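Chemist: pasting the structure only:
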């Protein structure tokens, strides 16, 4: 073979590989876009997309459009000047916010209380779901579920009056019980050290029914053949729960925990505002970011400060959910959200 023939043959072999590179990249782009834009998938899932459309519109109107107001956190907002006309102050609102003791207090209370809520509610919901599964074929299980789920629909405004009737210093039921047992009455609305436990119990009463139903649905989705095989092998109830129920529920537990961590900076406003009755003496343990934003907006009229606190709340919550998902993804990518 001559040098000229060798060169022509090698160039002929090289040409397809060079030409194939942009074609391959183009196919990769098409396959990537086809995941999102596909007429076949659109026709197949059109009814599902139409069902999701109202939720998507609500999310867009109430979650994405208000993002324009983020700039208020960086301005000295004046009503007569409007959002765009108000003076730009940069991070001055954040400096003022973090220059006070309130920033540390509301951040600590929000994170600590929500962490307690997540731990207690997850544990209690799992226990109740497992117990409900044991009596699921009983006729009384519907009444149990109704009693557990009913508090979820009760407003915190209504619940605050019941709590006040129990904790009232003068004639509350709990103080009457303490007096009958020979103990001194407690001024509950002037003792901030008791309120982390009170709020935890109230949040548990309100949310354990909803959580237990979710975990019960997960338990009912486990194949009965696994439990039958475990019984044949001589496993007792505790061993079935430990080696079958809990491992099979682990992905659901992780997903719900990640979603809860994403909202760890969003405290339940009704719980922290109405139950303590906005008592200033309880702010050391009951004041959270949501109540601080509300007071800054309504009582002080400082919209810029409220916007700065809300922006801080959203950004830290976003960082927490990204970090938690990254940690879960390193452990097991199947359990992560994305």
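Modeler: Done, it's in. As the structure is a computational prediction, the values presented were derived from the model and not from experiment.
Chemist: only C-alpha atoms for contact and neighbour calcs from this point on.
Modeler: OK.
Chemist: Can you tell me the closest non-neighbouring residue to the most centrally placed residue in the chain?
Modeler: In the chain, the centroid-proximal residue (CA atoms, centre = their mean) is residue 260; its distance is 2.9 Å. Of all residues not flanking residue 260 in the chain, residue 118 sits nearest, at 7.0 Å (CA to CA, 6 or more residues apart in numbering).
Chemist: per-residue confidence at that neighbour?
Modeler: If you check residue 118, the pLDDT there is 94.
Chemist: Okay, and it sits in which element?
Modeler: Element membership for residue 118, per DSSP states H and E: helix 101-134.
Chemist: where does the stretch 101-250 of the chain have low pLDDT?
Modeler: Nowhere does the stretch 101-250 of the chain drop to pLDDT under 70.
Chemist: Recalculate using a threshold of 90.
Modeler: Applying pLDDT under 90 to the stretch 101-250 of the chain flags the ranges 101-104, 106-107, 132-149, 169-171, 237.
Chemist: Got the domain ranges for this protein?
Modeler: Domain assignment for the chain by automatic domain parsing gives 1-59, 85-335.
Chemist: same question for the shortest one, mean pLDDT?
Modeler: Just to be clear, that refers to domain 1-59. Mean predicted confidence for domain 1-59 is 59.
Chemist: before we move on, back to that, so the residue nearest to residue 260 sits against residue 258, correct?
Modeler: No. Using CA atoms under 8 Å, residue 118 makes no contact with residue 258, being 10.2 Å away.
Chemist: Which one's more surrounded, the two?
Modeler: residue 258 (22 against 19; other CA atoms under 10 Å).
Chemist: wait, doesn't the more buried one sit right on residue 326?
Modeler: No. Using CA under 8 Å as the test, residue 258 is too far from residue 326 to be in contact (10.5 Å).
Chemist: Can you show me the strands along this protein?
Modeler: For the chain, the strands defined by DSSP state E occupy 75-76, 87-88.
Chemist: Could you measure from residue 110 over to residue 170?
Modeler: Relative to residue 170, residue 110 is positioned 30 Å away (CA to CA, to the nearest Å).
Chemist: neighbour-wise, which of those two wins?
Modeler: Using other CA under 10 Å as the criterion, residue 110 and residue 170 rank with residue 110 on top: 24 against 12.
Chemist: and the domains of the chain, which is most packed in?
Modeler: domain 85-335 (a mean of 17; mean count of other CA atoms under 10 Å).
Chemist: which residues sit in contact with the residue nearest to residue 114 when sequence neighbours are not counted?
Modeler: Closest residue in space to residue 114, ignoring its immediate chain neighbours: residue 264 at 5.6 Å, by CA to CA, 6+ apart. By CA atoms under 8 Å, 6 or more residues apart in numbering, the contact set of residue 264 is 110-111, 114-115, 317.
Chemist: same thing but at 7 Å, please
Modeler: Residues in contact with residue 264 (CA atoms under 7 Å, 6 or more residues apart in numbering) are 111, 114, 317.
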